[in-house]
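**Student:** Here's my sequence, what's the structure:
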Amino acid sequence: MDTLLLNLAYISYVTASLFPSGPKLRLALIAQSIVFIVWGAVSSNRSAIAWNLVFAAINIFQARLILAVPNRVRRSAVSAPVEMMSGAFRRRPVWVHLPRRTHDAIEERMGNMTRGNILGRLTTRGLLAAAVLAVSACGGSGVAEPTEPTIPADATSIVDASARAMGATTSVRFELRREGAPVFIDEFEKLTLNSAIGQFTVPRSAQALLEIGIEGGLTTELGAIALDDEVWLSNPITGNFETLPAGYDIDPSLFFDPENGWQPLMENLSDVTLVGTEERDGNSRYHIAATAPAPQVEVITARLVRNQDVAIEFWIQPVTGEVRESQFSAEFEGGEVQWTLLLSEYGEEFDIQPPQEIET
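**Tutor:** Numbering: from 1, shown residues only. Next comes the predicted model:
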């Protein structure tokens with residue numbers, strides 16, 4: 001009987017976590033934990049006391065988060081973002097996830113049921129990883145990189161060849177990551193960009209999966225599609241696409257603009273230095289350090305970095321001259337932001353279409 005009651009507490013807690021959480025549900029779970037703590041004390045069941053103290057602490061923490069976030073944002077945390085698959089986006093829910101240590105502890109106690117059926121739904125990290133794999137699967141020929149003839153190993157030759165290669169690019173997969181100070185994409189400064197993963201095709205077509213931080217510590221994923229001058233963003237509540245609302249500044253087609261961004265960027269670098277030849281992900285790269293001019297930095301970061309020259313590093317394919325990785329730091333409203341940009345799948349065919357359904 002003791003084991004049955006204890007497992008009932010575990011199962012009811014985890015089952016409740018699968019559904020959108022309101023403060024009333026969290027308060028009920030806290031009350032349940034208190035009852036089992038008392039029962040554990042009476043029956044001298046230390047395991048029941050320990051586990052339900054953990055459950056109570058988690059629910060108190062989550063109840064405080066829920067009460068601290070406006071109802072509009074609270075709904076969006078458990079609503080449908082998008083997943084990019086074969087050039088299209090699909091709705092699926094984002095579940096507010098538990099702390100990593102709590103996941104591991106519950107996994108140990110409850111076994112494969114948690115790992116297979118629960119944790120994959122609770123963690124937004126799992127959703128992002130699946131989406132990243134889906135984006136990667138949209139292209140990629142698997143052909144090995146060329147190894148010769150290499151560009152002469154001097155800074156001027158490498159940068160000149162890279163400028164020509166980047167200006168001639170017709171398509172590319174990009175991944176932009178942010179660390180450090182938050183960078184807001186809305187005029188209300190409630191939404192921060194954590195990462196953007198997508199595909200670009202000339203002259204100005206792009207689709208991307210954005211990981212967005214929401215005020216209060218929550219995260220969700222949004223889809224963005226840009227065709228020429230039109231930009232659509234998925235609604236965090238409904239999951240449907242709508243024309244980019246006023247007050248939002250995110251255009252995925254600008255993350256890679258070979259004509260107005262990358263070629264003039266490489267042509268106008270200053271203080272260029274060849275750091276050396278390095279291995280990156282099993283491939284040889286020329287490592288270049290330089291200073292990048294503000295106008296081109298603004299373009300290649302989709303206007304996220306403005307009005308500042310930046311010290312920048314490139315890792316360049318030694319035969320083609322293609323930039324495969326770039327890292328730099330910039331200031332944003334008094335804080336320092338570290339950016340990493342990864343570029344791959346040059347010249348692949350990407351099917352970028354407008355959303356099938358657009359809300360008005």
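**Student:** distance of residue 204 from residue 34?
**Tutor:** Distance check for residue 204 against residue 34: by Cβ to Cβ, to the nearest Å, it reads 58 Å. Where you see a C-beta, it was placed from the backbone N, CA and C, and this is true even at glycine.
**Student:** Which of those two has more residues huddled nearby?
**Tutor:** residue 204 (18 against 14; other Cβ atoms under 10 Å).
**Student:** where does the closest residue to that one other than its chain neighbours fall, helix, sheet strand or coil?
**Tutor:** In this structure, residue 204 finds its nearest non-sequential neighbour in residue 253, 4.6 Å apart by Cβ to Cβ, 6 or more residues apart in numbering. Per DSSP: H, G, I helix; E, B strand; the rest coil, the local secondary structure of residue 253 is helix.
**Student:** Looking at residue 253 now. What's its pLDDT?
**Tutor:** In this model, residue 253 is scored at 81, pLDDT.
**Student:** residues touching it, list them.
**Tutor:** 200, 204, 205, 206, 226, 227, 231 (Cβ atoms under 8 Å, 6 or more residues apart in numbering).
**Student:** cutoff 7 Å now
**Tutor:** Contact analysis of residue 253 by Cβ atoms under 7 Å, 6 or more residues apart in numbering lists 200, 204, 205, 206, 226.
**Student:** repeat for residue 338
**Tutor:** Applying Cβ under 7 Å, 6+ apart to residue 338 gives the contacts 179, 180, 329.
**Student:** Under the pLDDT cut-off, which ranges of the stretch 201-350 of the chain? List them.
**Tutor:** 216, 257-259 (pLDDT under 70).
**Student:** Would you map the helices across it?
**Tutor:** 263-267, 294-300 (DSSP state H, counting those that start in this stretch).
**Student:** any residues touching the first one, and which ones?
**Tutor:** What that stands for is helix 263-267. The contact list for helix 263-267 (Cβ under 7 Å, 6+ apart) reads 159, 162, 163, 166, 167, 292, 296, 300.
**Student:** and this structure, what are its domains?
**Tutor:** Here the domain parsing of the chain from automatic domain parsing is 2-84+96-133, 143-354.
**Student:** Out of those domains, which one sits most buried?
**Tutor:** Ranked by mean neighbour count, the domains of the chain are led by domain 143-354 with a mean of 18 (mean count of other Cβ atoms under 10 Å).
**Student:** What is the end-to-end distance of stretch 180-187?
**Tutor:** Start-to-end span of stretch 180-187 (Cα to Cα, to the nearest Å) is 20 Å.
**Student:** For the residue nearest to residue 301 when sequence neighbours are not counted, which residues are in contact?
**Tutor:** Nearest non-adjacent residue to residue 301, counting by Cβ to Cβ, 6+ apart: residue 339, 6.9 Å away. By Cβ under 7 Å, 6+ apart, the contact set of residue 339 is 176, 178, 301, 327, 328, 330.
**Student:** just the strands in this protein please.
**Tutor:** Taking DSSP state E as the criterion, the chain carries its strands at 82-85, 88-91, 171-180, 191-201, 205-214, 218-227, 230-234, 241-243, 270-280, 283-292, 310-316, 323-332, 335-344, 358-359.
**Student:** Next one: the closest residue in space to residue 185 that isn't next to it in sequence from residue 330, what distance?
**Tutor:** Excluding the flanking residues, the one nearest residue 185 by Cβ to Cβ, 6+ apart is residue 250, at 4.7 Å. To residue 330, residue 250 is 17 Å away according to Cβ to Cβ.
**Student:** Contacts made by stretch 171-188 with the rest, please.
**Tutor:** 139, 191-202, 213, 247-250, 255-256, 304, 332, 335-350.
**Student:** Now do it, average pLDDT.
**Tutor:** 89.
**Student:** Show the end-to-end separation of that stretch, please.
**Tutor:** Taking Cα to Cα, stretch 171-188 runs 33 Å from one end to the other.
**Student:** And stretch 150-159, by the same measure?
**Tutor:** In stretch 150-159, first residue to last residue: 13 Å (Cα to Cα).
**Student:** Contacts for that stretch next, please.
**Tutor:** Outside stretch 150-159, the residues within contact range by Cβ under 7 Å, 6+ apart are 161, 266, 269, 272-274, 277, 286, 288, 316, 318-319, 321.
**Student:** Ok, stretch 282-290 next?
**Tutor:** Counting contacts by Cβ under 7 Å, 6+ apart, the residues touching stretch 282-290 from outside are 145, 155, 158-159, 269-278, 312-318, 324.
**Student:** Roughly how far does the closest residue in space to residue 48 that isn't next to it in sequence sit from residue 50?
**Tutor:** Using Cβ to Cβ, 6+ apart and skipping the chain neighbours, the partner closest in space to residue 48 is residue 40 (3.3 Å). Here the criterion is Cβ to Cβ. By it, residue 40 lies 8 Å from residue 50.
**Student:** beta partners of residue 288?
**Tutor:** Residue 288 has these beta-bridge partners by DSSP bridges: residue 274, residue 314.
**Student:** Report the separation between it and residue 268.
**Tutor:** Residue 288 is 14 Å from residue 268, by Cβ to Cβ.
**Student:** same check, this time on residue 45
**Tutor:** 70 Å.
**Student:** Ok, residue 181 next?
**Tutor:** From residue 181 across to residue 268, the span is 27 Å (Cβ to Cβ).
**Student:** Perfect, I'm done here.
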